[in-house]
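Asks: Next comes the sequence, and after it the predicted model I'd like to discuss.
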Amino acid sequence: MVFIPWNDPEPLRRSWCVWELFCTIQEKCRFDVAMDEENNRRFLTAITNSHGFEDYFGEIDCERSEATVPRDRELIFQAISQGIGFVRLNLLIREFMKHWTRIKSGREVDPTLLWSGVSDIDVLAAMSGISNLYKA
């Protein structure tokens, strides 16, 4: 799924995309996130300066999603409500994003690069931001 903008992903505002996520979770299928270069850079910068994962993904609420055809939204919401429900769906998406963020930050944030030309305090702040991803 393409998360643009990374901190308020459009797919989570579209009922059909929420439906796809719901089906992915129900069927235990593989799910991944993609971003363009600019959003990827902003994402990595934000997570290294973050006070915790909830700063960015704590407000996921798929029930706010919209559909062009009102009946589509109604049927999608009905299926989700009769299935795992929106509270559980939001929780599972947050958990996935937390796991994905941990993997991505470990793969793309090279701590040795943080040392080049920045103060020790800035390096420690960035490392603290990354470590906060592993809390809770």
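Replies: Here it is on my side, so go on.
Asks: contacts and neighbour counts: CA atoms only from here.
Replies: Noted.
Asks: wait, doesn't Arg94 sit right on Val87?
Replies: No - using C-alpha atoms under 8 Å, Arg94 is not in contact with Val87, being 10.7 Å away.
Asks: So between these two, which is more surrounded?
Replies: The neighbour comparison of Arg94 against Val87 (other C-alpha atoms under 10 Å) goes to Arg94, with 20 against 14.
Asks: In what element of secondary structure is that one found?
Replies: Following DSSP states H and E, one finds Arg94 within helix 85-108.
Asks: buried ones in that helix?
Replies: Residues 86, 89-90, 92-94, 97-98, 101-102, 105 are the ones in helix 85-108 that count as buried (16 or more other C-alpha atoms under 10 Å).
Asks: With just CA atoms, put it into CSV.
Replies: C-alpha atoms of helix 85-108 as CSV (Å, rounded to 0.1, in the frame of the first residue of the first chain):
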residue,chain,number,x,y,z
GLY,A,85,-14.7,-4.6,14.0
PHE,A,86,-13.1,-1.2,13.6
VAL,A,87,-11.4,-1.0,17.0
ARG,A,88,-9.5,-4.3,16.2
LEU,A,89,-8.8,-3.3,12.6
ASN,A,90,-7.3,0.0,13.7
LEU,A,91,-5.2,-1.8,16.4
LEU,A,92,-3.9,-4.4,13.9
ILE,A,93,-2.9,-1.7,11.4
ARG,A,94,-1.1,0.2,14.2
GLU,A,95,0.7,-2.9,15.3
PHE,A,96,1.7,-3.7,11.7
MET,A,97,2.9,-0.1,11.2
LYS,A,98,4.9,-0.3,14.5
HIS,A,99,6.5,-3.6,13.3
TRP,A,100,7.2,-2.2,9.8
THR,A,101,8.6,1.0,11.2
ARG,A,102,11.1,-0.9,13.4
ILE,A,103,12.3,-3.0,10.5
LYS,A,104,12.5,0.0,8.2
SER,A,105,14.4,2.2,10.7
GLY,A,106,16.8,-0.6,11.4
ARG,A,107,17.4,-1.2,7.7
GLU,A,108,17.6,2.5,6.6
